[in-house]
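Enquirer: Below: sequence and its predicted model.
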Amino acid sequence: MTRIAVIGGGRIGEALIAGLIEGGLPTGNVVLAEKYPARADAVATQFGIRTTSVIDAIEGADVIVVAVKPDDVDSVITQMSKAELNGEREQIIVTMAAGVTASRYEPKLPAGIPIVRVMPNTPMLVGEAMSVLAPGRHARSEHIETVRKLLGTVGKTAVVSEDKIDAVTAVSGSGPAYFFLMAEAMIDAAVGLGLPRDTATTLVVQTMVGSAAMLDRSDESPQELRAGVTSPGGTTAAAIAQLERKGFRAALLDAIDAAKARGMALGSPVE
């Protein structure tokens, strides 16, 4: 039975722990290292798991998940360098910090240790994550499969080469925020048209949920599904034409480019 050490008890770390336990992993096989004691106690109490130091957590683990903010990665790597890694068992390091490459870990860790870089997203909190894996240079197919099985408990997975991860970050990593912003704007527009805010929220949320389900389950492309709603000369056609005139598509392309550039900048080590 795989033993998991989760370094970082924020929203993503908590969501992963929840998914692993709901997926059948015994609570005794999950340990958390979290620098804020109050947060560590809250997560440990919620899931019935043990909390400990970074070094203690990783020395007994088969898979080590680093789920901290990019600014905290170098501190975690320094602590990991003091532990006994890849001793009696081969261990896999999974890094979920945005912008941080697998090669960032290698200089301070044992030679040949497999590292898998992962870009998850916040729908992991409801078991609907899109987690994209990129193997480091020492990660073999069996390491990738192990990580895919673990992350499959909290959503869907895909595998790309690491040079594509910054693009993934911009699309699916940051993507939920784009949808939330659109929902926020649609709700405000509905209120402006005279609808009560609670009614407006229900309309927008269910419309997005239903539309996402159609995208997921239909054999039709997004363009075909959109065309199916857009009658010539109708209300939807008028709305789409206005969005295009206001540069909706161009703005979204620019936003995703900006997110990718920021992800690359976050990956630069602090001198």
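Expert: Alright, I've got the coordinates. Numbers count the residues shown, from 1 in each chain.
Enquirer: So which residues make contact with the helix or strand hosting residue 19?
Expert: For residue 19, the element it lies in under DSSP states H and E is helix 11-22. Helix 11-22 is contacted from outside by 4, 6-7, 27, 30, 32, 34, 43, 46-47, 49, 65, 67, 96, 120, 122, 124-125, 127, 129, 150-151, 153-155, using C-beta atoms under 8 Å, 6 or more residues apart in numbering. Any C-beta I mention is one placed from the backbone N, CA and C, and that applies to glycine too.
Enquirer: Narrow the residues you listed to just the buried residues.
Expert: 4, 6-7, 30, 32, 34, 43, 47, 49, 65, 67, 96, 120, 122, 124-125, 129, 150-151, 153-155 (16 or more other C-beta atoms under 10 Å).
Enquirer: Next step: those residues restricted to strands.
Expert: Restricting those to those inside strands, with DSSP state E as the criterion, leaves 4, 6, 7, 30, 32, 65, 129, 155.
Enquirer: May I have the phi/psi pair for residue 196?
Expert: With angles defined as degrees, to the nearest 10, residue 196 sits at phi -60, psi 150.
Enquirer: now what about stretch 97-109, what contacts it?
Expert: Applying C-beta under 8 Å, 6+ apart, the set of residues contacting stretch 97-109 is 66-70, 72-73, 77-78, 80-81, 85, 93, 95, 113, 115-117, 119, 134-137, 139, 162, 166, 169, 173, 262-269.
Enquirer: Am I right that residue 121 is in contact with residue 173?
Expert: Yes - between residue 121 and residue 173 there is a contact at 5.4 Å, judged by C-beta atoms under 8 Å.
Enquirer: Which one's more surrounded, these two?
Expert: Counted by other C-beta atoms under 10 Å, residue 121 and residue 173 do not tie: residue 173 has more neighbours, with 25 against 22.
Enquirer: Return the longest helix along the chain as CSV; C-alpha atoms alone will do.
Expert: Using DSSP state H to define each element, the chain has its longest helix at helix 197-217. This file holds the C-alpha atoms of helix 197-217, laid out as CSV (Å, rounded to 0.1, in the frame of the first residue of the first chain):
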residue,chain,number,x,y,z
ARG,A,197,-29.2,38.3,-7.1
ASP,A,198,-30.0,34.8,-5.7
THR,A,199,-32.1,34.0,-8.8
ALA,A,200,-29.4,35.4,-11.1
THR,A,201,-26.7,33.3,-9.4
THR,A,202,-28.8,30.1,-9.8
LEU,A,203,-29.4,30.8,-13.5
VAL,A,204,-25.7,31.5,-14.2
VAL,A,205,-24.3,28.6,-12.1
GLN,A,206,-26.7,26.0,-13.5
THR,A,207,-26.1,27.3,-17.1
MET,A,208,-22.4,26.9,-16.6
VAL,A,209,-22.8,23.4,-15.0
GLY,A,210,-25.1,22.3,-17.8
SER,A,211,-22.9,23.7,-20.6
ALA,A,212,-19.8,22.1,-19.1
ALA,A,213,-21.6,18.7,-19.0
MET,A,214,-22.6,19.1,-22.7
LEU,A,215,-19.0,19.8,-23.6
ASP,A,216,-17.8,16.8,-21.7
ARG,A,217,-20.4,14.4,-23.0
